[in-house]
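[1] A structural model of the following input is requested.
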Amino acid sequence: FYLDALLQHHNEQHTTLLLLQHIPGNGRIQKDRLTHALEECNRFMEGTGQEYYAHACNGCIRVSENNGQFTTTHAAITDGVAVGCHCCRVHNCHKPLPSIKACFCHQHQNLAGICSMQECNNPIRPHTLTCHIPEHMDAKKTYQEKGQSISATHPGSTAGLNRTETGEGFQSLAELIDNEDAHCDNKSPKVNCKAKARFGCSWTHNEQLIVHPCGVIIACATFYGAEAISSVAVYMLRAVFPTHNSVPDILFYDNNCHLHCHLHANNDTHFTNMGLPVDIFHYKTKHSEKDEYCGQHCNPLLFPDIYNVKTKTCLFNSSAAEQTNVWFNGYHSIVHDMLGPRFNFFLDEMIKERNHFLVASLEKEGKHPHLIPTK
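    Next comes the predicted model:
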């Protein structure tokens, strides 16, 4: 699959696929030959690399007439979906892991010998994940007991499943609880708080999609630490819409009130002309009526180009991203044990194939799909 997809990609870009030479005994195994090529392709796909990045059709562009003048409104939607892959245990580290069983990337490998409790820099005891402090050892024991209790209640599972102290055996059982922090009641005389630990593997936080109302996906990015507003504004939107001409007229996002506030606080003029409404469903159910800022800037009724007051209907399918998330989640079990390069490449290829199918369907429906010239 990977080799065939790489060959197709380079054929489309009129380039040549180059693979690293395999020399027995040099520490490089066969699968590493593709990894470099996959990473290069993933970098190409970032931001504006998707084949249908410049897509437009009657389902995502609305043409309106006012006093004989025609104007167009181009809309997009962004949303996060909880599909992730293994990543370095250091928060927000983007470096790939050397293997599926590794907890740290090469750069942070030295931390493997440090106690797993946060803010503890003591070395670990031999064949364990914690230091000599009793409370830290108790936290590790609690973590194991929690995993065993889950195993005992799962149909067809065996209670007391063996797990190695080195962390390599955590992948099977800890996947059920790896995103939860273990706690211990080691309270400092000065600070009344709970210490936290990370014993299992770490995962990326989510995949962030940008979708047109017609369903065509134009971009996908991996968020490592959280779906933070700053990440959406800087890491995602700036990369996908690098020029003023590429910025859509409308961007639906369920957290647009905070995004608008962030852009305003940072004096960001790049997205000044982009409307930031919250879709009708989220505005009614997820946002407080007492939130004046949201009501003044993100109320969908303030945007006549997207909402018909007479019929009380939205002129764009603002739920396209959430509908796409349902399809995207179908690959969760397939990519579950993939490392970063293969994870990103596989999902990009699935997006590409889905876009082909959707564009063909839009053509049959008479919505005239086409690509807007980007130069």
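[2] now do the contacts for residue 260.
    Contact analysis of residue 260 by C-beta atoms under 8 Å, 6 or more residues apart in numbering lists 276, 293, 297-298. C-betas here are computed from N, CA, C, even on glycine.
[3] select only the buried ones of those in PyMOL?
    Of the contacts of residue 260, the buried ones can be selected in PyMOL as follows, counting by 16 or more other C-beta atoms under 10 Å:
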select buried, resi 276+297+298
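[4] dump the contacts of residue 260 to JSON lines, plus pLDDT, distance to residue 20 and secondary structure.
    Below are those laid out as JSON lines (pLDDT from 0 to 100; distance: C-beta to C-beta, whole Å; DSSP: H, G, I helix; E, B strand; the rest coil):
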{"residue": "276", "pLDDT": "91", "distance to residue 20": "45", "secondary structure": "coil"}
{"residue": "293", "pLDDT": "81", "distance to residue 20": "53", "secondary structure": "helix"}
{"residue": "297", "pLDDT": "83", "distance to residue 20": "51", "secondary structure": "helix"}
{"residue": "298", "pLDDT": "84", "distance to residue 20": "49", "secondary structure": "coil"}
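[5] in CSV, list the contacts of residue 260 along with distance to residue 313.
    Compiled in CSV, the contacts of residue 260 are given as follows (distance: C-beta to C-beta, whole Å):
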residue, distance to residue 313
276, 20
293, 26
297, 22
298, 19
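[6] max pairwise distance over the contacts of residue 260: which two?
    276 and 293 (11.6 Å; C-beta to C-beta).
[7] report the rounded mean pLDDT for the strand or helix carrying residue 144.
    Under the criterion of DSSP states H and E, residue 144 resides in helix 134-153. Computed over helix 134-153, the mean pLDDT rounds to 69.
[8] just checking, what packs against the longest strand along the chain?
    Using DSSP state E to define each element, the chain has its longest strand at strand 69-81. With contacts taken as 3 or more C-beta pairs under 8 Å, 6 or more residues apart in numbering; DSSP states H and E, strand 69-81 sits against strand 61-66, strand 206-211, strand 250-252, helix 320-329.
[9] the second one pairs with which strands, and in what direction?
    Translated: strand 206-211. Sheet pairing here is set by DSSP bridges, and for strand 206-211 it gives strand 69-81 (antiparallel), strand 217-223 (antiparallel).
[10] give me the contact list for that strand.
    By C-beta under 8 Å, 6+ apart, strand 206-211 touches 76-84, 217-223, 227, 231-232, 236, 240, 320-321, 324-325, 328, 347.
[11] would you check that residue 202 makes contact with residue 92?
    No. The pair residue 202 / residue 92 is not scored as a contact, 10.5 Å apart, by C-beta atoms under 8 Å.
[12] of the contacts of strand 206-211, buried ones?
    76-81, 83-84, 217-223, 227, 231-232, 236, 240, 320-321, 324-325, 328, 347.
[13] so is residue 112 in a helix, a strand, or just coil?
    Put simply, residue 112 is helix when judged by DSSP: H, G, I helix; E, B strand; the rest coil.
[14] let me see the contact set for it.
    Contacts for residue 112 (C-beta under 8 Å, 6+ apart) come out as 103-104.
[15] coming back round to it: format the strands paired with strand 206-211 as CSV; extra columns: mean pLDDT and distance to residue 88.
    Formatted as CSV, those follow (pLDDT from 0 to 100; distance: least, C-beta to C-beta, whole Å):
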stretch, mean pLDDT, distance to residue 88
strand 69-81, 90, 20
strand 217-223, 94, 13
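[16] would TSV of these with distance to residue 20 be doable?
    Below are these laid out as TSV (distance: least, C-beta to C-beta, whole Å):
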stretch	distance to residue 20
strand 69-81	33
strand 217-223	24
